[in-house]
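Visitor: My questions are about this predicted structure, shown below with the sequence.
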Amino acid sequence: MAKPKLEVKLDRIGKAAFRASAKDGGELVVDGSPDIGGEGRGMRPVELLLGAIASCASMDVVHILETKQKQPLEHLEVFAEGERKDATPAPFVSVHLRFVAHGAVDPHKLERAVQLSVEKYCSVKESLDPAIRVTWEARLA
C-alpha cells in the first residue's frame, strides 16, 4: 500500500520569493538567486534540496543512535556540501555529508548509524538521480 500523498502550497511573497506551507503544518521561505530577482529572503531551491538530504539522514541517525542503539547523543551537527554541473540546468553531481556527534557515543555505532541512514533509509537520497554520488563521513566532536 502506498504512503499518503504529501502536499505543499507555495504563495508568492516577493519577486522570486515564496512561502511554502505543508498541508500538515510547517512552513519556510524559498527565494531565487539574485540573477532571477532573489532578495535573500530565504533559501534557494537547490539549498533546500541539500538541506532535505541532510535533514532526512540526520533524523534517521538520531533515531538509530538513541532508540535502537541506546547511545547518549547530546548533539548532532551535519554539514552538507553539494557540487553542481557548470551548466544550465545545474544539477548536483555529488553531495557530501559530514556528521559530527557530541556525547559519549560509541564511534563504531555512530559509523553504522550514518551508514544505514545514508545508504538504506534516507527517502530523499533515494529520490535523487542515481548518478548523483552521495558520500559521507562520521566523527565525534
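Guide: Perfect, I can see it now.
Visitor: And the longest helix seen in the chain, what's buried?
Guide: Ranked by residue count and defined by DSSP state H, the top helix of the chain is helix 45-63. For helix 45-63, a neighbour-count test (16 or more other CB atoms under 10 Å) marks 49-54, 56-58, 60-62 as buried. Where C-beta positions appear, they are placed from N, C-alpha and C, glycine not excepted.
Visitor: So for that helix, mean pLDDT?
Guide: If you average the pLDDT over helix 45-63, you get 97.
Visitor: With stretch 2-10 instead?
Guide: 91.
Visitor: On the pLDDT front, check Gln71 for me.
Guide: 97.
Visitor: isn't there a helix covering it?
Guide: No - the assignment for Gln71, made by DSSP: H, G, I helix; E, B strand; the rest coil, is coil rather than a helix.
Visitor: Verify the stated contact: it with Glu111.
Guide: No - using CB atoms under 8 Å, Gln71 makes no contact with Glu111, being 11.7 Å away.
Visitor: So for those two, which residue has more residues nearby?
Guide: Neighbour tally, Gln71 and Glu111, criterion other CB atoms under 10 Å: the higher count belongs to Gln71, 19 against 15.
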